[in-house]
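Asker: sharing a model prediction with you, sequence too.
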Amino acid sequence: MENCCEVRKTIRPEEDKKQLVNRASRIVGQMNGIKNMLIEDRYCDDILIQLSAVDKAIKSLASELLDRHLHSCVENRLREGHVEVLDEIADLFKRFQ
């Protein structure tokens, strides 16, 4: 039976994966802290400051992933002649505006 769907996957070096997972885990920890602050009726300004920090952490992680994506997955697909990857990149940039 022929496979009708392309399964896309990025195999990352273990060290890269560890760094990215650690950053994501810190963000999850920050969000749990914010949830606790809400439960504890903490001052709005304090919560907003923490939300701003999470926003910056998420944007930083996204930027890191995008950079790695461009220099690995996209570069490799272009070398293989898959120019449709440029549409994928254009869509990604639209999401980050």
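Answerer: That came through fine.
Asker: how about the contacts made by the most centrally placed residue in the chain?
Answerer: Note on the chain: the residue nearest the mean C-alpha position is Ala62, at 3.7 Å, using C-alpha atoms, centre = their mean. Contacts for Ala62 (C-beta atoms under 8 Å, 6 or more residues apart in numbering) come out as Phe96. For the C-beta atoms, the positions are set from N, CA and C on the backbone; glycine is no exception.
Asker: what about it, helix or strand, and which?
Answerer: helix 44-69 (DSSP states H and E).
Asker: after that helix comes which helix or strand?
Answerer: Going down the chain from helix 44-69, the next helix or strand is helix 75-79, by DSSP H and E.
Asker: residues of that following helix that come out buried?
Answerer: Across helix 75-79, burial judged by 16 or more other C-beta atoms under 10 Å covers Arg77.
Asker: for it, name the packing helices and strands.
Answerer: Packed against helix 75-79, as judged by 3 or more C-beta pairs under 8 Å, 6 or more residues apart in numbering; DSSP states H and E, are the following elements: helix 85-95.
Asker: quick check: buried residues in the helix it packs on?
Answerer: Judged by neighbour count (16+ other C-beta under 10 Å), helix 85-95 contains these buried residues: Val85, Ile89.
Asker: repeat for stretch 31-41
Answerer: By 16+ other C-beta under 10 Å, the buried positions in stretch 31-41 come out as Ile34, Met37.
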